[in-house]
Structure formats: structure tokens, C-alpha cells
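Participant: Turn this into a structure:
(chains A, B, C and D)
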Amino acid sequence: MDTSIWRPIIYLVCFMAFAGLNAAYLGWCERKGAGRIQRRTGPMEVGFHGLLQPLADGLKLMTKQLLVPEGVDQILFRIAPILAMIPALTSMVVIPFSDNIQGRAVELSVLMLFALASIGMIAILIGGWASANKYAVISAARAVSQNLAYEIPMLLTVITIVMITGSMNLQDIAMDQQGGFWHWNIFRFDKSIFMPVSFLIFFICSVAETNRAPFDMAEAESELIAGFMTEYGSMGFGLFMMGEYLNIVVGACLTTILFLGGWSCPFGLFPGVWWFLIKIYILIFTFIWVRWTYPRTQVYKLLNLSWKILIPFSMVNLLVTAAFIKVF
Amino acid sequence: MGTEKVPSSIVHFAELDKLLNLCRANSLWPMTFGLACCAIEMMCTGGSRFDISRFGAEVFRPSPRQSDVMIVAGTITRKMEPGVKTLYDQMPEPKWVIAMGNCAISGGPFKFKGNYNVVEGADQFLPVDVYIPGCPPRPEALLEGIMTLEEKITGKRRWPRRQPGQVTG
Amino acid sequence: MTVPIQCRPDEVFVLNLGPQHPATHGVLRVKLTMDGEYIVKAEPVLGYIHRMHEKMAEAGSFAQFMPNTARMDYLHALAYNHGYVLAVERAAGIEVPERAEYIRVITVELNRLSSHLLWWAAFLLDLGGFTPLLYAFDDRERILDLLERITGSRLTYCYFRFGGVYNDIDDEFIAGTRDFIKRLRSRLPRMYHDLVTHNIILIKRLKDIGFITPEQCRKYGATGPVARGSGINYDVRKNEPYSVYPEFDFDVPVYTECDSMARYMVRMDEIEQSLRIIEQALDKLPDGPVKAKKVPKILKPAAGDYYAAVEAARGAFGCRLVCDGGKSAYRLKLRSPTFSNLSLFGEVAEGMLLADALAFMGSLDLVIPEIDR
Amino acid sequence: MSIVEETRKALLQLFPEQAAAEAEAEAAADAEAAAGAEADTDATAEDTASTEEAGEAAGGEETAAEPAAPAKEEEPAEEGPRENGVLVTDHAARGTHLDVLCDPEQVVEAAGIMDEAGFFLEAITGVDWIKEDRMEVIYDYNQTGPDPCRVVVRTFIPRANPEIPTISEIHPGANWHERETHDFFGIKFQGHPYLEPLLLPEDADFHPLLKDFTP
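Facilitator: Residues are numbered from 1 along each chain as shown, chains lettered A, B, ... in the order given. Just a heads-up that it's a prediction; the model follows:
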């Protein structure tokens, strides 16, 4: 590993740029995608096809009055949006975009990612609690119970992968799947016959973890105004939104690495970072697609889905995988 | 009180101000706030045919903290007046108010001898920036109102204003 | 799902839903006493859009009140036009030409379609589905185009006159309506049912939620789709026929499940029935004048009181007109269906989850200015 | 027997005098019909005729009981004070089938009868008859059976002291209607659980639909 000081800095700048652009332009993509699904154009007039829209929104949000309402917990109220943004940004460091593009090769990168992801939940809890708003508190409670419920099947699924690969390093997991798509974990029937199902479980969990519709219980607009963000205006709200989009990116990256072979080409030729990007953007598009297609579920049914279906099933999958590995 | 002025900065950055105003004008997020009939036409404006999203204004935020423009779409009654005032006060600066429809302009058809419950116009207690007449105004009128507000913010109009009676191809 | 509530009084908190809240469709306020996410007590607070319609009826002449009727239930304005016109015609003894009656039925049913489509859109928005809103608005805009051609306005129609309608319909309207019927018929199963009605999330959220017994309906005077979703076969168009409704062959959809899904299905079926009525009315449309001759400019009905009821999109709309022989109504009482339908809310919502209660509220199809008048 | 007749019978419990008078007339009509039936052999045709006759006779009895209102379709108030009783009204002209005038104390009993007969409450409203110095309270009942039957129950209360018992115990839906009527007319519904302003602001102390109200 290169020990020079420049490498981390270059990576830092690049990842910040990548993250920032993603956070800003995913909002644009979302609006355009929603427009496409809804038979309209989406932003059109601000720049070419509304390309300057994120810039306008961002600058507007930054220069809006920073309003800290009376009665809120001053410190926590200010910390929460930052706390929502930072872990998502930090997780970028350990994600391998290709065999040689990775901020920092951490041996236990899977563990680190999940540790960081759970901080995002705490940000929601703090934000909701500090707002001193009943809707926000309900929303925070919902978010916590939801994230707790969905972290378990997600981790169980990841343990399956770790068992197959025998490593907790994302780089190793991705390397293990190189070659054609039949090497990808999603199609590894020789390790467990349930791999496509566990991919589905993982994907559902990542939608739930990122609080996206149809699992957006925490910011259920028609029930809880804007949920934990109700009292946040200007850039506090902006940071929460950016954090949400970054979490989507991280979720898509993780799904790609764990199940879709990372940067490997489906046909076993020319692996590279572009395949990785193509895969994550297809997944991100699916996130958007799902959001604008389905109505929202209800919080207890959502929890039931996790505790009664996803968790037992991922446990079964874990056992089946263990048996397969032992037998073959 | 919500109408109090934000102190202007001592040093002005003219070009930056212009840019900021341009950004603000192109990112007017209205509040999800319908009072009566006009709210339905406001929803139509967000629909596919009229599509307010072209101007980046389709982000209807349910919370006043995140919205820039309050479209008073409907009749304000005496019972509702304090609520509207509170909502306006909860919005962070800079903020604008559009009075949509005759009721919000002047009480509209409900201004009659014996009126005991309707506030005769939003401008009785809010600083209204743009008035959109009609009962209810058509969605095109609301779009025109949004553009008028943009003109008010930036000093420039997006497209040339059409003269009454002017025939277009 | 009913869960017995056991909580100490100090464990509950009061949540103020509205008057400005995305789910209340306007300015309804509901004071909710909550235990966590469960509702212990729900108390709707009305009057945020009370616009003195009944007082205005006493202030102006009969004709001057016509525009007000459209502003009460702005989604089904023509039914309100119709109810008021029927009451005044009954009081003044005005006969309506047959063609006008047919035009009234056609336009009222078109308006009912647009009202149901908007309800569908807003209901799905309550459930967190944003896209159906735009699809429904797409179809709704076409109805508005048709109605705008003959009535002159998009939303708050003032089209009916005492003794007829304001304007005759032309061939273009008839052709456009036929096109629209064809279009909506083809879209209903594919877009509305395949995409939304059969969606597992929607079914899970509506089945067994908001259970209203037929007895509750009767005790609270609920009518319209709310009653029909609870197995009460009551539709003013069938049970107490007015205008030329007996001429048409249509069914009254009744579901006995009593839950939100039943109310949803009632309205979806009503869309089909309205299409049937319009089609038959267009086929049978007679020639003739659209306005009665010799309707005096200033009406002075004989003293007495008169009642007229019509089936609006949300239930039975009644109009009680008390005259004293003068040129304006001495008292006009408007019986709005959602007023009664909403009074159920407090009782039914007890013990519900917040999210379910809002889904239930959406299934009642509230139009607040109609409740507050 | 049609639902209108049935309901009318049920409502006559409120008015013993009218019921007695009608029973007498009916007995007379029955006797007449029986005599007719004996005379004629065509029983079926006669049967329908006799019921019609009975109905007519009952109607005639009603008008006899109210000498001030000879024709049913005419407005009774115009011709003079109408007496308490059940009146069959022409639906095409009035929009209602039965019209009941009773004492303020009787509205609860009437509500009970309507409830038992399966009716629901459509609306409650007041009318301010300022010239006569009294207020009218009108209850509209309806039912969901296949045949239409609308019943209106009305009563008069003094304007100076507008009080009337509540029926919200029997029809829970009346709760809001009574609150609304209290808002508009200041009519106090005795025994109402929560007679606070419903449509007007919480602190409203005016009653806008009174004829002498000025904002």
C-alpha cells in the first residue's frame, strides 16, 4: 500500500466529489424519473433539461434563514443533520470501486460499513427527539424500530456471503466473484439454492434501511408531515436529504459487491469500474422506480414482514448455506 | 410577527445577490396547503398537463419550515386566520405569499352584508406578493403567478409577457 | 385489527392533526389522544372553512345563490346545482323540458366521474402512492375539458338554471364524451385495477381497516359509498328517483365487507355505472328546448317548506327550502353527506393506528367546505 | 301496507286524539266496505277500492281535525295555526311523505319511534320566525328501504327561551347536528353532552342565522 500522504487526499477529494455529485444529481434523477413515470417532463426550464436545478435548490437551501425553533434541544438539533451526512460519506472510503480504486483497504470493511450505517439511524433518532415535535418523535421511534428490525435479516444475509467467501473484506468478496455472471453470489447455486432469494431479502432490507418508499415510515408525508425533518428548514433539511441519497448510493454499492460481482463483467470480459457504476445506477434506478410505483406500507405490517418472514427465511438460508459448504 | 424585516447586510455583493435571487426564483417550493376550491386547481397545476415541475416548483413540502412560497388557495375564515398566520411565521426567510383566487384577494363572493366569518383578503394580515384573480383561477393563471413572482425576485421575466388579444401561432 | 387499549391517563398525549396537514384534504382538524401510535380518542374539530352559505341564501335572490352551490362541494358541483335547482323548482312549480333533464344527468354523471377520480387520486396520495394521482388527473382533465366546453368553467360549475340548463350540448361534446367513455373503459382495468387495486400493499392496508357496521351507518346517518360499503343498498337515484334516472338501467354497487376496501370498491364500481348511465343518456337524448319557457326572472315561491334530495358523489345531499313568499329563501338548510359521514370518525377511529386512521379517513372521501358550509 | 302507512301508524302513538278519531273513521269505512263487499261478489277489485277508500277517509278525517288547513298541499301556517298531528304530504310537491308537528317535549319520543322503525336522522335545522316570535326546529328522517319515505318532525319553541331536549342519546348522529343548530340559532339542547361551538370559532357568542343578527 502506498504510504504517501497524497494518495488519501486525492481519494478524499475524488470521493467527496463523487458523493456530492451523487447526492445532488440523484435528486434531479429522482425528479426526472418520477416525471417519466408520471407522464410529464420533470424540471425542464432551469438549465438544459433542468440540469441546473440541483444547483439552484442547493444554493437556495444554503442561503435560507437558519431557523432553530424555540424549545428544541439546541445542540442535538444542530448535530443531527451532520450526523446523518458524515457516516454515509465515510462509508465511501472502504467501498472498492474496482480492484485498484479503493480509499482504504480495511480488513473488516463489511463490519465497518454496517457500524457506520447504524449511525444514520441514530441521527434520525436525535433529529426527531431534539425537534420537540410530536410528529418528529413518532417518526424517530418508527425509524429506530424499523432499522432494528431490518438490520437483522440484512446481517444474516451478509453472514451467508461471508461464509461463502471466508472473508470480511469487500475487496476479497468482490474478487471471489470475478468472471461471468454465473460466478456472482446471486447465482451461486452450488453454495445455497436460496441465493436469489437472499439477494431479494438484502435488497428489500436496503430499501427499508434507507427509509425509502414503500418503507418510508419515518417521513410518511400524509401521516407525519415530514417526519423527523418536520422542524428542519434550509440546509439542515438539505443535509438530511443528501444523507438519504448517499445512503442509497452506499446501499447500491454494497448490494453490487455482495451479490452482483462488483466490477466484474457479466460475460467475463474486461472487468472495470464502469461495470460497477452501471450496476449501481441500475439498482438506484430500481429504488426510484419502486418509490414512484407503490403506496406506502403500514408500520406494524412492515415490522411483521421483517420479524415473521425475512428473519426466519434468512436464518434458513444461513443454515442451508452452512450445510452446503460442509457437504460439498 | 412574521412580517418583521431581516436586517440587510452592510456589505452587498451585487453579483452574488443576483445569482442567489436567480436560484431562489428557480426553486420555489410551495407548501402543501389548500384551503378550498382553489386547492384542487393547485393540484391540477402539479398534474401532468400543466406540470409545475418544469419550473422546479413541484416540490410541495408539507412542512412550512422547508417551503419558500405559501400559496393561499382558498377562503380564509376567522377561525383559520390564526392558523395561517402561524404557518407563515414558521416559514424561514426569504419567503413569499401568493394569494390565489378571489377569496384570498378580497373575500371574493363571500364579501356581503352580513359577513361574519370570512376574512376579506389574505393581505389583511399577510404581506402578499402576487395576486391571482379567478374563482378559481385556472392552472395557467397559477403558473403565470409563479412566473410573476420569479420576475419580482429577479427583476427579469422568463418569457415575454403576452399582450391581451395577441394571436400566437 | 382492534387492540384493547390499556394505558394510564398520564401515558397518553394529544396530537393535533391539522388544520394544515397533508392528509386532511383541506382544513379539518382532528384532536387525537394517542397512546404511542394508537388512537385513544379522536375528536374532529370543524369550522375552519365555514363560509356562511346558508346565511348568503337568505341575503340574495334564489338565482343569486346558484354559484354558491358549486362552492360547497367543489368536486361534485353539479350534483349540488341539481339538488338546489330541484328544491327551487319544486317550490315554484317549474316544469323542466326532457332534453334538459337528460343533459343534467349526463353532466352530473360526468362530474361524478371526475369527483371519484380525484378521490381515488387523493386517497392513493394518503396511502403514499404519488403516481396514481397524476394518472387520475390525466383522465380527469379530459372530463374538465368536456364540461368546460358547455358550462364555461373547470371546477365550480354554475350550469343549471331553474327550468333547464344554461347551454345546449353540441355534437362535438357528444362525440368527445363517447371517446372519453371508450378511453376510460380501456384504462380502468389496466391502469386503475392492475396497477393499484390488485396491489398487495394496498389490499393489506385497506382490508379490515375502518370497520363500520350497518347499524353505525344508520345511527349516524351515513349515506353514499360509505353506507353502500357497509351493505346498505341505498342510492337516492334508485330509492327516490328524481330527474330521468328511472329511464336508465344501472346497478347500485353494494359491498358487505364494511371495511375501507369495500368503500374503495364501491367507488370504483360506481365509475363503471356512471359510464353506463352516460352512454344510455347519450343514446336516448331527445330533441327539444333546454330551458323551460316562462320562468319568471324573480321567483317568489309560495310559502311553505320543500325538500329535495339528490345522490352526490359522497352521499345523499338534501336541500330543505323554507319560503315565506318572498324573493329569497327564508331559510335554506343544506344537508351535506360528509357531515354525517365524518361524525362516524370519532367512534370508528378509536383504537386504530394513526396510519390506519388516516387511510380510513381517506376512504370516507371528505370535502371539508361541504362539511362546514 | 306501504312503509308510509306503517310509519304513519307508528307515529300516531304520539297523538292519541288523532289516532282515536282515525280509528273511528276507519271502523266506519270498514263497515262501509264490508257492506259493499257483501253487496258485490267481485271481492278482489272491491278490496283495493276499500283500502283506498279507507285511506281517503283517514285523510278526510285529518282535514276535519284541522279545520284551518283544508287542502293538504297548501301551507298550513298561512291558513292559520296548524294543530299537532301527522300529515300525509304529497311527495312530488313537498319532497316529504309525512309531516309531523308535535310539542317540544315529544321530539324525544318521536325520535325513539323513528329509531325503532329503522329510520336515520338526516338533518336537524332551526328556522327563526321572528314575526311570530318563535323558532321552529325541524328534524328530517329518512330510511334506506326500497320504497321512499321521508318524515319531517317539526316543533315550535318560544324565541325568548329556546330550549328543547336532545335526541343525541337515541341518534348519535344528532350530536353534531344539534351543535350546529345551537351555533346558528342559540337553541339549547338540554342534556346534550357537549354543546360547544362546532362550526363557529370556539369563543363565538353570536348566532348568525337569527334574523336580527348583525355582524
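Participant: quick one: the residue nearest the centre of chain B from chain D, how far?
Facilitator: Nearest to the centroid of the C-alpha atoms of chain B, with distances taken as Cα atoms, centre = their mean, sits B:Ile98, at 2.1 Å. Distance of B:Ile98 to chain D, computed by Cβ to the nearest Cβ, to the nearest Å: 26 Å. Glycine gets a C-beta too; all of them are placed from N, C-alpha and C.
Participant: Likewise for A:Thr90?
Facilitator: If you go by Cβ to the nearest Cβ, the gap between A:Thr90 and chain D works out to 52 Å.
Participant: Might you report the residue contacts of that residue?
Facilitator: Taking Cβ atoms under 8 Å, 6 or more residues apart in numbering or on different chains, we find A:Thr90 in contact with A:Leu116.
Participant: Going by proximity to chain A, name the top residue of chain D.
Facilitator: D:Glu202 (21.3 Å; Cβ to the nearest Cβ).
Participant: Excluding residues flanking it in the chain, which one is nearest that residue?
Facilitator: In this structure, D:Glu202 finds its nearest non-sequential neighbour in D:Glu196, 7.1 Å apart by Cβ to Cβ, 6 or more residues apart in numbering or on different chains.
Participant: what's the closest non-adjacent residue to B:Glu151?
Facilitator: B:Arg157 (4.6 Å).
Participant: hang on, the residue nearest to D:Glu202 packs against D:Glu178?
Facilitator: No: assessed by Cβ atoms under 8 Å, D:Glu196 is found out of contact with D:Glu178, at 11.3 Å.
Participant: For these two, indicate the residue with more neighbours.
Facilitator: Higher neighbour count among D:Glu196 and D:Glu178: D:Glu178, with 25 against 12, using other Cβ atoms under 10 Å in any protein chain shown.
Participant: Work out for me the element the more buried one sits within.
Facilitator: Assigned by DSSP states H and E, D:Glu178 belongs to helix D:174-185.
Participant: out of all of them, which helix in chain B is the longest?
Facilitator: helix B:139-154 (DSSP state H).
Participant: Against which helices or strands is that helix packed?
Facilitator: helix B:14-25, helix B:37-46, strand B:96-100, strand B:130-132 (3 or more Cβ pairs under 8 Å, 6 or more residues apart in numbering or on different chains; DSSP states H and E).
Participant: so can I have CSV of the ones you listed showing mean pLDDT?
Facilitator: Below are those laid out as CSV (pLDDT from 0 to 100):
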stretch, mean pLDDT
helix B:14-25, 84
helix B:37-46, 87
strand B:96-100, 91
strand B:130-132, 91
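Participant: Out of those, flag the one nearest A:Leu156.
Facilitator: Smallest distance to A:Leu156 across the helices and strands packed on helix B:139-154 (Cβ to Cβ): 42.1 Å, for helix B:37-46.
Participant: Is there any residue in the closest one that contacts chain A?
Facilitator: No: Helix B:37-46 stays clear of chain A (Cβ under 8 Å from any Cβ of the partner chain), getting no nearer than 9.3 Å.
Participant: Quick check: what element follows that helix along the chain?
Facilitator: Counting by DSSP H and E, what follows helix B:37-46 is strand B:69-73.
Participant: Past the helix or strand hosting A:Tyr245, which element shows up next along the chain?
Facilitator: Here A:Tyr245 is covered by helix A:234-259, with elements defined by DSSP H and E. Following helix A:234-259 in sequence order, the next helix or strand is helix A:273-291 (DSSP H and E).
Participant: quick one: that next one near chain C?
Facilitator: No: using Cβ under 8 Å from any Cβ, helix A:273-291 stays clear of chain C, with a minimum separation of 8.5 Å.
Participant: hmm, back to that, buried ones in the longest helix of chain B, by neighbour count?
Facilitator: Buried residues in helix B:139-154, counting neighbours by 16 or more other Cβ atoms under 10 Å in any protein chain shown, are found at B:139, B:141-150, B:153-154.
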